[in-house]
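> let me see the structure of the following:
(one chain, ligands or ions: 1)
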Amino acid sequence: MDKKNTFTFTDNRDGKSYDFDIINGTRGPSVIDSSSFYSKTNMFLYDPGFTSTANCKSDITFIDGKKGELIHRGYHISDLVQNHSYLDVVYLLLNSKLPTANESKSFDTEIRYRSYLPEGLRYLFQAFPAGAHPMSTLSSAVAALASFYYKHLNVETEDEFQEMARRIVSKIPTIAAFAHRHSVGIPYVHPDIGRYFTENFLYMLRAYPNGKLRAPIKDIEVRALDTIFSLHADHEQNASTTTVKTVGSTGAHPYVSISAGISALWGRAHGGANESVIAQLSSIGSVDKVDEFIKKVKDPNDSVRLMGFGHRVYKSFDPRATELKKLRDQLKTELDLDTNIMQIADKVEEIALNDEYFVSRNLYPNIDFYSGTILTALDIPSTMFTPIFVIGRTVGWITQWMEQKRDPKTKITRPRQLYIGK
Ligand code: ACO
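Have a look, this model is predicted:
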């Protein structure tokens with residue numbers, strides 16, 4: 001063993017030392033290969049929340065949390081959102097390269113044609129009560145897809161992988177729109193394949209059952225939502241992706257793996273934060289109450305957290321938030337964003353970015369802080385904020401699921417514990 005590329009652990013109880021290989025990636029921190037740690041030392045590594053644990057090798061997404069950098073397949077997120085559509089980002093994640101003009105066109109066409117749902121799935125929506133949160137319906141309907149496409153339990157070939165991925169990406173917006181329409185008690189609107197993915201989603205949310213719209217969908221609205229989808233497309237080994245991969249590691253069907261990821265995303269500490277941000281800003285009520293609210297957040301005896309602030313990985317600006325802030329500023333005049341909520345948000349941000357409490361803890365606005373205000377301006381109900389995150393993120397989940405499935409060395413995910421019971 002070349003000692004230079006090893007890391008030595010010494011057990012100070014008996015002075016015994018153990019060497020482990022250091023593995024370097026192409027970017028970011030190296031890792032210590034601790035897979036033989038237990039067999040060599042008869043001890044486990046204790047790392048609640050996996051703050052120092054790399055669970056896989058991946059070539060999909062790279063994040064530098066200190067620099068605030070997010071890269072997919074070698075492309076910076078700012079380049080992707082400024083120069084490419086969401087469907088091109090989907091293509092990039094699935095195929096490891098951006099599409100040519102022809103590839104982009106045929107991919108778009110296929111996604112449109114696959115956007116319809118199996119007819120029987122409609123009855124599942126009807127089993128949900130009025131007012132059901134769309135995240136609960138969405139998670140159930142995606143799990144149900146595993147019954148409609150059961151034979152894909154054993155996806156083996158690259159073609160089968162890719163077809164399964166295109167199917168789920170194209171159907172998710174339809175399921176999300178149906179979940180919303182059922183929840184508020186209005187008839188479903190089927191996809192219009194004459195419309196691009198993102199425009200089609202807005203159409204399915206807004207149209208009357210006869211396909212008429214109260215007002216045409218504006219290009220700027222499509223562009224804003226398309227950017228939001230791109231910014232959510234993937235984020236390496238976050239909680240929901242890890243959930244998808246944990247379920248996938250057991251050999252379960254891809255669609256139930258994604259359904260589990262949807263459930264993981266719903267929590268307020270993860271994707272559910274975008275809905276909570278708007279609820280919190282609304283509960284503050286007015287700009288003059290912001291100071292008092294911030295005092296509560298800083299009070300160690302009060303458990304309230306400032307939603308949309310802080311991130312496990314980004315300890316400087318979240319680059320997705322930077323893009324959304326730019327977008328929000330562009331939209332401010334065009335979409336009449338100067339609302340009471342927006343003014344409260346601006347004041348919260350101004351105070352937090354200069355306050356010792358937030359600065360010393362590296363708490364910056366994350367993607368959810370800005371997405372909620374933009375989605376509100378697009379007239380999207382707040383219960384649909386997290387489903388919109390799901391629509392954007394589905395490609396990331398399935399790409400990561402496929403990468404894990406392709407790796408012959410994949411093991412079932414099975415952490416150990418420190419037993420402290422009787
Ligand atoms: N408001 C106030 N204080 C906060 C916040 C916040 N939003 N986030 C962290 N802190 C404080 C903690 O109280 C703690 O303070 P202490 O050291 O005095 O005890 C310190 O900052 C570190 O907090 P941790 O919880 O250890 O940080 P962690 O990295 O585990 O948490 C998380 C990250 C869950 C995102 C957290 O910042 C949070 O709860 N934020 C609000 C929810 C949110 O916006 N989630 C969306 C995340 S982005 C996404 O999932 C797409």
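
> every contact and neighbour count from this point should use C-alpha atoms.
OK.

> tell me if residue 210 really is in a helix.
No - assessed with DSSP: H, G, I helix; E, B strand; the rest coil, residue 210 is coil; it does not lie in a helix.

> tell me the secondary structure for the residue lying closest to residue 345 once chain neighbours are set aside?
In space, and not counting its chain neighbours, residue 345 is closest to residue 281: 6.7 Å by C-alpha to C-alpha, 6 or more residues apart in numbering. Residue 281 falls in the helix class when you classify it by three-state DSSP.

> next: residue 62.
Assigned by three-state DSSP, the conformation of residue 62 is strand.

> surely it meets residue 236?
Yes - using C-alpha atoms under 8 Å, residue 62 is in contact with residue 236, at 6.9 Å.

> per-residue confidence at residue 189?
Listed pLDDT for residue 189 reads 97.

> ok, it to residue 147 distance?
23 Å (C-alpha to C-alpha, to the nearest Å).

> more crowded one of the two?
A side-by-side neighbour count of residue 189 and residue 147, using other C-alpha atoms under 10 Å, places residue 189 first with 19 against 15.

> show me what contacts the more buried one?
Each residue near residue 189 by C-alpha atoms under 8 Å, 6 or more residues apart in numbering is listed here: 178, 204-205, 207-209, 211.

> quick check: the farthest pair among those residues?
Using C-alpha to C-alpha, the two most remote members of the contacts of residue 189 are 178 and 211, lying 14.5 Å apart.

> so if I had to pick from those two, which one is more boxed in?
The neighbour comparison of residue 178 against residue 211 (other C-alpha under 10 Å) goes to residue 178, with 24 against 13.

> apart from its neighbours in sequence, what residue is nearest the more buried one?
Closest residue in space to residue 178, ignoring its immediate chain neighbours: residue 188 at 5.7 Å, by C-alpha to C-alpha, 6+ apart.

> what's the first helix or strand after the helix or strand hosting residue 370?
Assessed by DSSP states H and E, residue 370 sits inside helix 367-377. Going down the chain from helix 367-377, the next helix or strand is helix 385-406, by DSSP H and E.

> ok, that next one near the ligand or not?
No - Helix 385-406 is not in contact with the ligand by C-alpha under 6 Å from any ligand atom; minimum separation 8.4 Å.

> that helix to helix 367-377, inter-axis angle?
In terms of direction (axes from the mean of the first three to the mean of the last three C-alpha atoms, to 10 degrees), helix 385-406 departs from helix 367-377 by 130 degrees.

> pull out the buried positions in helix 385-406.
385-405 (16 or more other C-alpha atoms under 10 Å).

> separation between the nearest residue to residue 313 once chain neighbours are set aside and residue 42?
Nearest residue to residue 313, sequence neighbours excluded (C-alpha to C-alpha, 6+ apart): residue 65, at 5.0 Å. According to C-alpha to C-alpha, residue 65 and residue 42 sit 33 Å apart.

> looking at those two, which is more packed in?
Applying other C-alpha under 10 Å to residue 65 and residue 42 shows that residue 65 carries more neighbours, namely 18 against 8.

> give me the distance between the two termini of stretch 33-45.
With C-alpha to C-alpha applied, stretch 33-45 spans 12 Å between its terminal residues.

> and it, which residues are buried?
Neighbour counts over stretch 33-45 (16+ other C-alpha under 10 Å) mark 34, 37 as buried.

> what sits up against that stretch?
With contact meaning C-alpha under 8 Å, 6+ apart, stretch 33-45 is reached by 18, 20-23, 416-418.

> list the buried residues of whichever strand in the chain runs longest.
Among the segments of the chain that qualify as a strand by DSSP state E, the longest is strand 16-23. For strand 16-23, the buried set under the neighbour-count rule, 16+ other C-alpha under 10 Å, comprises 19-22.

> and if you look at stretch 83-100?
Of the residues in stretch 83-100, 85-94, 96, 98-99 count as buried by neighbour count, 16+ other C-alpha under 10 Å.

> just the residues you listed now: which is nearest residue 308?
residue 86 (23.1 Å).

> what's the burial count for the residue lying closest to that closest one once chain neighbours are set aside?
Nearest residue to residue 86 in three dimensions, chain neighbours excluded: residue 230, at 4.9 Å (C-alpha to C-alpha, 6+ apart). Residue 230 has 24 neighbours, counted by other C-alpha under 10 Å.

> correct me, but residue 230 touches residue 88?
No - using C-alpha under 8 Å, residue 230 is not in contact with residue 88; the gap is 9.1 Å.

> quick one: name the residues of the protein near the ligand.
Residues of the chain lying near the ligand by C-alpha under 6 Å from any ligand atom: 269-271, 273, 297, 305-312, 361, 366.

> which element follows the longest strand of the chain toward the C-terminus?
Next element after strand 16-23 (DSSP H and E): strand 31-32.

> for that next one, packing partners?
Judged by 3 or more C-alpha pairs under 8 Å, 6 or more residues apart in numbering; DSSP states H and E, strand 31-32 is in contact with strand 16-23.

> list of residues touching the strand it packs on?
For strand 16-23, the surrounding residues in contact (C-alpha under 8 Å, 6+ apart) are 5-11, 30-34, 40-41.

> got the CA coordinates for that strand in PDB?
Only the C-alpha atoms of strand 16-23 are listed here, as PDB (Å, rounded to 0.1, in the frame of the first residue of the first chain):
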ATOM      1  CA  LYS A  16      -3.200   0.000  17.300                       C
ATOM      2  CA  SER A  17      -3.200   1.900  13.900                       C
ATOM      3  CA  TYR A  18      -5.300   1.100  10.800                       C
ATOM      4  CA  ASP A  19      -4.600   2.400   7.300                       C
ATOM      5  CA  PHE A  20      -7.400   3.300   4.900                       C
ATOM      6  CA  ASP A  21      -7.100   4.300   1.200                       C
ATOM      7  CA  ILE A  22      -7.800   7.900   0.200                       C
ATOM      8  CA  ILE A  23      -9.700   8.200  -3.000                       C
END
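
> quick one: mean pLDDT over that strand.
Taken as a whole, strand 16-23 has a mean pLDDT of 97.

> so what strands line up beside it?
strand 6-11 (antiparallel), strand 31-32 (antiparallel) (DSSP bridges).

> contact partners for the residue nearest to residue 86?
So residue 230 contacts 80-81, 85-86, 89, 392 (C-alpha under 8 Å, 6+ apart).

> centre of the chain to the strand or helix carrying it, how far?
Per DSSP H and E, residue 230 falls inside helix 219-231. Chain-centre distance of helix 219-231: 15 Å, with C-alpha atoms, centre = their mean, to the nearest Å.
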